[in-house]
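Engineer: What follows is a predicted structure for the sequence shown.
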Amino acid sequence: MLIQIPNVLTQDEVEFVLRELDQGAYEDGKVSAGEVAGQVKKNLQLKRDAEAIKKCAPVMLEALKRNGIFQAAALPLKIREPMVNRYDIGMNYGLHVDNALMGEPATIRSDVSATLFLSSPQAYDGGELVIQEISTQRRIKLPAGSMVVYASTNSHRVEPVTRGTRLAGIFWIQSMVRDESRRDILFDLNQILDSVSKKIDAAEKMALTSIYHNLLRQWCET
Ligand code: NI
């Protein structure tokens, strides 16, 4: 699963978040990384108790709540309060896999990871998120307010920033459906249902919808 979702934040929300983050208090990103990931992590992150995160996190979380594609793709049970990462010139994050458990004490299993791009792509060079799938690499650099959602089992890295500053919100989600292939099937079915629902009659729609819900019932944990 690798899904790009445009306009998760509105333009006004992007501007609000960037204004707040401009005055935020940042610390070395290594403090939140595990031992292995910490060796390749070279970035800054907004302090968890910073004033700016208290103002921005609710805006970003609300945006996820109202986004139907995100909800259908991630089927979230729990979403960790977002982290904001900042890469200035020369910073990068080498290839790593995110920790399976998040929080101290651990309260969330990371099934799904999401990066919400906050800086405009014109504001910096480099800084692509590179997601390693089995035999391919996907290089992702999205407009401000857009998001990429992918399975936390994928290793990934952030390329060095060579100009400007790259800010992004990072989310970890424990899904109601732990298995990635099952989440993919449910997402595909959900999207097809969406696209054909105006072309089929009520009985067909009901039949397809019931298949979706019966699969969800089989695979969901709450
Ligand atoms: Ni990561």
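Structural biologist: Structure's in. What do you need?

Engineer: pLDDT of stretch 39-47, averaged?
Structural biologist: If you average the pLDDT over stretch 39-47, you get 93.

Engineer: let me fix that: stretch 147-161
Structural biologist: 97.

Engineer: in it, what counts as buried?
Structural biologist: For stretch 147-161, burial by neighbour count (16 or more other CB atoms under 10 Å) applies to 147-152, 154, 156-161. C-beta coordinates here come from the backbone N, C-alpha and C atoms, glycine included.

Engineer: In which helix or strand does Glu204 reside?
Structural biologist: Here Glu204, judged by DSSP states H and E, is contained in helix 202-219.

Engineer: what comes up buried for that helix?
Structural biologist: Leu208, Tyr212, Leu216, Trp219.

Engineer: which ones are touching the nearest residue to the second one once chain neighbours are set aside?
Structural biologist: Here the nearest residue to Tyr212 in space, its sequence neighbours aside, is Leu189; by CB to CB, 6 or more residues apart in numbering that works out to 5.2 Å. Applying CB atoms under 8 Å, 6 or more residues apart in numbering to Leu189 gives the contacts Leu208, Ile211, Tyr212, Leu215.

Engineer: End to end on stretch 32-46, go ahead and measure it.
Structural biologist: Counting by CA to CA, to the nearest Å, you get 11 Å between the two ends of stretch 32-46.

Engineer: Can you pull out the residues in contact with that stretch?
Structural biologist: So stretch 32-46 is contacted by 21, 24-31, 52-53, 83-88, 90-99, 157-158 (CB under 8 Å, 6+ apart).

Engineer: ok, now which ones touch the residue nearest the centre of the chain?
Structural biologist: In the chain, the residue lying closest to the centroid (CA atoms, centre = their mean) is Ala114, at 1.0 Å. Under the criterion of CB under 8 Å, 6+ apart, the neighbours of Ala114 are Leu64, Phe70, Ala74, Met147, Val148, Val149, Tyr150, Ile170, Phe171, Trp172, Ile173.

Engineer: Please narrow the residues you listed to those residing in helices.
Structural biologist: Leu64, Phe70, Ala74 (DSSP state H).

Engineer: Can you tell me which of the buried residues of stretch 147-161 is closest to Asp125?
Structural biologist: Val161 (7.0 Å; CB to CB).
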